[in-house]
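Colleague: need the 3D shape of this:
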Amino acid sequence: MIPRAVRHLAAGLAVSAAMFASAQQPAPAAPTPPPPPAFAAPNLSDAGVRGIASSCAICHGTQGRPVAGSSVAALAGRPQQEIVDIMKAFKDGKREATIMHQIAKGYSDAEIAAIAGYFSRQPR
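Modeller: Just a heads-up that it's a prediction; the model follows:
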């Protein structure tokens, strides 16, 4: 029979060996972070486009009609393609602006076309 002290010593050595072996293992790799969320598709319904166009009111006035005497361009009643061309020029940095070049970068081509269509249908 093996004396109790020898059994405890053997068990302690086994635990120590296991701990040493696990300490020698490389640390597990950090988990890969999840990808950033995809943005929602643009809402090009009538209500969605009106919602997008409403953000233009702060400078261009309600429904694209700025207050009298404003130096900001009126959008109401302008030809759709003219508005599209101007917005794309802002977006591409080909037309100078104080803020419109940044705003235009936030819209897709489909959104620009929809916004332009909305304003072209508004009475002057």
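Colleague: helix/strand/coil for L44?
Modeller: L44 carries the three-state label coil when classified by DSSP: H, G, I helix; E, B strand; the rest coil.
Colleague: do a quick rundown of the helices in the chain.
Modeller: Taking DSSP state H as the criterion, the chain carries its helices at 4-23, 46-54, 57-60, 80-91, 100-105, 109-120.
Colleague: list of residues touching the third one?
Modeller: When contacts are defined by Cβ atoms under 8 Å, 6 or more residues apart in numbering, helix 57-60 is touched by residues Q63, P66, V72, A73, A74, L75, I99. In short, each C-beta sits where N, CA and C put it, glycine included.
Colleague: swap in 6 Å and give it another go.
Modeller: By Cβ atoms under 6 Å, 6 or more residues apart in numbering, the list of residues contacting helix 57-60 from outside reads P66, V72, L75.
Colleague: may I see the buried residues of that helix?
Modeller: H60 (16 or more other Cβ atoms under 10 Å).
Colleague: same deal with the last one?
Modeller: The neighbour-count criterion (16+ other Cβ under 10 Å) identifies E111, I112, A113, A114, I115, A116, G117, Y118, F119, S120 as the buried residues of helix 109-120.
Colleague: quick one: neighbours of the nearest residue to the third one once chain neighbours are set aside, just the number.
Modeller: Nearest in space to A113, with sequence neighbours left out and distances taken as Cβ to Cβ, 6 or more residues apart in numbering, is V84 at 5.8 Å. Other residues near V84 come to 18 when the count uses other Cβ atoms under 10 Å.
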